[in-house]
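Asker: Could you work out the structure for the sequence below:
(chains A and B)
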Protein chains: 2
Amino acid sequence: MSGVTVSFVSGTGPAGFGLAARFARAGDEVVIGSRALERAEEARAMVLEHVPDGRVRAALNADAASTGDIVFLTMPFQVQRESVETVAEQLAGKIVVSMSNPLSVEKGRVTVNLPEAGSLAEEVQHLVPTARVVGAFHEIHVRKFPKLDRPIDSDTIVTGDDDEAKAAVMRLCGHVDGLRAIDGGGLYNTRFVEGFVAVLISINFRYKAGTALRITGLPEGI
Amino acid sequence: MSGVTVSFVSGTGPAGFGLAARFARAGDEVVIGSRALERAEEARAMVLEHVPDGRVRAALNADAASTGDIVFLTMPFQVQRESVETVAEQLAGKIVVSMSNPLSVEKGRVTVNLPEAGSLAEEVQHLVPTARVVGAFHEIHVRKFPKLDRPIDSDTIVTGDDDEAKAAVMRLCGHVDGLRAIDGGGLYNTRFVEGFVAVLISINFRYKAGTALRITGLPEGI
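Answerer: Below you'll find the predicted structure:
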């Protein structure tokens, strides 16, 4: 038992469900939020199918946002701004994880539309100035999260201006089998991570592969 | 013998020298360009010290640009635009490799100043519309090139809109021990690679490391 409560705003999709199940399996307390309580209940039931002894609660988004020690934003990126605005009050002072990438795929071509703030993560910071925003999980393809029988064999670059918040999220990454968290500097750097995911997706198209990222040359034990 | 002539515009620095020596060692014909012929001659002598049977010629930049089948831009990024303008005529129709990153480091903080064109590589394309511009080698720290006794254990993401030119540069990457070239899509993607290098440098600062990048999950034999 880690003693950390992890919550998900709009956590009923593959990223929210998959991460909720993985954290529940690791012993974390999990709150799955949705705009509709019955959808959150469905996602909770799915998690409990895989993790029968999981500590999982279903909640409305505002409740999820105010309950979590670490709050994940797991809505589609197109509505992240709008969703954050609706729970801005609850996110004040919280550790908030922004993991989406502002990418569109059309006819095998990826385009990136970074918001005016520079990145989706920085946009959250603008919307909720007291939030302790951390960028993470950008490199992980969304389809990998719900495949609970497989580790997530990847590095994830974690960015943020609040060192304690960043360290808390990096510890939490350690609850996901296979995943290694790497400190990627300040929140400003998130724009380059979000953009770089377009390149990873281009590589996936080109090689018909499901690639991941590994940073080599780091000291042992990172 | 590969039959490819590789030339370097402003090739007397560590990247130009290191790559020239590595390509010469692999049997490629190499032309080292400089604004001052005597500096090119010095660099040529240094290459021949390490690769006595290398086919290496010293030249003025315009001569180097017009001679190479594949032309590397190895000047400091701050003067790349200006340098390209002076040899624009010679670069017309050529395969041109842009490898610099528009990064500044101050007090351990990295900032990125992507040019209006989106990336340095795209800027070259704007300056020389007929050039077959390819982005490559961005992820390799410049200090690694001249350490000729060490392989360059890294992937490099190669971008470009001209598939033949990109393939030629990817084959050339295979002449560098340890290096693996990965097709990263069109030239547009270069902006995300150039930006992402800021994150790699931040990681190097944070962990006091000399990191490199590996893309995992690709088919065997890439």
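Asker: Only C-alpha atoms from now on, for both contacts and neighbour counts.
Answerer: OK.
Asker: My guess is A:Ser202 contacts B:Leu187. True?
Answerer: No. Using Cα atoms under 8 Å, A:Ser202 is not in contact with B:Leu187; the gap is 11.6 Å.
Asker: what's around A:Phe17, how many residues?
Answerer: Neighbourhood size, A:Phe17 [other Cα atoms under 10 Å in any protein chain shown]: 23.
Asker: OK, contacts around it?
Answerer: A:Phe17 makes contacts with A:Gly11, A:Ile32, A:Ala43, A:Met46, A:Val47, A:Phe145, A:Pro146, as judged by Cα atoms under 8 Å, 6 or more residues apart in numbering or on different chains.
Asker: Dump stretch A:185-198 to PDB, keeping only the CA atoms.
Answerer: Below are the C-alpha coordinates for stretch A:185-198, written out as PDB (Å, rounded to 0.1, in the frame of the first residue of the first chain):
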ATOM      1  CA  GLY A 185      13.600  19.200 -16.900                       C
ATOM      2  CA  GLY A 186      11.100  22.000 -16.500                       C
ATOM      3  CA  LEU A 187       7.500  22.200 -17.700                       C
ATOM      4  CA  TYR A 188       8.700  24.300 -20.700                       C
ATOM      5  CA  ASN A 189      10.300  21.100 -22.100                       C
ATOM      6  CA  THR A 190       6.900  19.400 -22.400                       C
ATOM      7  CA  ARG A 191       6.300  21.100 -25.700                       C
ATOM      8  CA  PHE A 192       9.200  19.200 -27.200                       C
ATOM      9  CA  VAL A 193       8.100  15.900 -25.700                       C
ATOM     10  CA  GLU A 194       4.500  16.400 -27.000                       C
ATOM     11  CA  GLY A 195       5.900  17.400 -30.400                       C
ATOM     12  CA  PHE A 196       8.300  14.500 -30.600                       C
ATOM     13  CA  VAL A 197       5.500  12.000 -30.200                       C
ATOM     14  CA  ALA A 198       4.500  13.000 -33.800                       C
END
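Asker: Identify the residues contacting A:His50.
Answerer: Counted by Cα under 8 Å, 6+ apart, A:His50 has contacts A:Ala21.
Asker: The residue positioned nearest the centre of chain A and chain B: what is the separation?
Answerer: Nearest to the geometric centre of chain A sits A:Met99, at 4.0 Å (Cα atoms, centre = their mean). Distance of A:Met99 to chain B, given as Cα to the nearest Cα, to the nearest Å: 16 Å.
Asker: Could you list the contact residues of chain A toward chain B?
Answerer: Chain A has residues A:182-185, A:189, A:192-193, A:195-196, A:198-200, A:202-203, A:206-207, A:209-219 near chain B, with proximity defined as Cα under 8 Å from any Cα of the partner chain.
Asker: Sort out for me which of the contacts of A:Phe17 are in strands.
Answerer: If you go by DSSP state E, these have A:Ile32 in strands.
Asker: Now do the helices in chain A.
Answerer: Taking DSSP state H, the helices of chain A run over residues A:14-25, A:37-50, A:61-67, A:80-86, A:88-91, A:120-127, A:163-173, A:190-207.
Asker: Report how many residues lie close to A:Ile222.
Answerer: By the criterion of other Cα under 10 Å, A:Ile222 has 9 neighbours.
Asker: ok, now A:Leu91?
Answerer: 28.
Asker: which residues touch it?
Answerer: Contacts for A:Leu91 were tallied using Cα under 8 Å, 6+ apart; they are A:Ala65, A:Ser66, A:Val71, A:Val128, A:Ala131.
Asker: who's in contact with the closest residue to the last one other than its chain neighbours?
Answerer: If you skip the residues right next to it in sequence, A:Ala131 has A:Gly93 as its closest partner in space, 4.5 Å away by Cα to Cα, 6 or more residues apart in numbering or on different chains. Under the criterion of Cα under 8 Å, 6+ apart, the contact list for A:Gly93 reads A:Thr130, A:Ala131, A:Arg132.
Asker: Reformat these as TSV; add neighbour count and pLDDT.
Answerer: As requested, the contacts of A:Gly93 are exported to TSV (neighbours: other Cα atoms under 10 Å in any protein chain shown; pLDDT from 0 to 100):
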residue	neighbour count	pLDDT
A:Thr130	15	98
A:Ala131	22	98
A:Arg132	23	98
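Asker: Nearest to B:His175 among these?
Answerer: Comparing these against B:His175 with Cα to Cα places A:Arg132 closest, at 46.4 Å.
Asker: now the residue lying closest to the closest one once chain neighbours are set aside: how far from chain B?
Answerer: Counting by Cα to Cα, 6+ apart, A:Ile95 is the residue found nearest to A:Arg132 once chain neighbours are left out, at 4.6 Å. Using Cα to the nearest Cα, A:Ile95 is found at 21 Å from chain B.
Asker: Wait, A:Ile95 touches A:Asp163, no?
Answerer: No. Using Cα under 8 Å, A:Ile95 is not in contact with A:Asp163; the gap is 11.0 Å.
Asker: mind showing which ranges of chain A have poor pLDDT?
Answerer: Residues of chain A meeting the criterion pLDDT under 70: A:1-2.
Asker: Next, the contact list for A:Gly186, please.
Answerer: A:Gly186 makes contacts with A:Thr159, A:Gly160, A:Asp161, as judged by Cα under 8 Å, 6+ apart.
Asker: what about it, distance to A:Gly118?
Answerer: In this view, A:Gly186 and A:Gly118 are 13 Å apart by Cα to Cα, to the nearest Å.
Asker: mind pulling up the phi and psi values for the residue nearest to the centre of chain A?
Answerer: For A:Met99, the backbone dihedrals are phi -130, psi 0 (criterion: degrees, to the nearest 10).
Asker: contacting residues for it?
Answerer: Counting by Cα under 8 Å, 6+ apart, A:Met99 makes contact with A:Phe72, A:Leu73, A:Thr74, A:Ala121, A:Gly135, A:Ala136, A:Phe137, A:His138.
Asker: Also A:Ser34?
Answerer: A:Ser34 makes contact with A:Val9, A:Ser10, A:Gly11, A:Thr12, A:Ala40, A:Ala59, A:Leu60, A:Asn61, according to Cα under 8 Å, 6+ apart.
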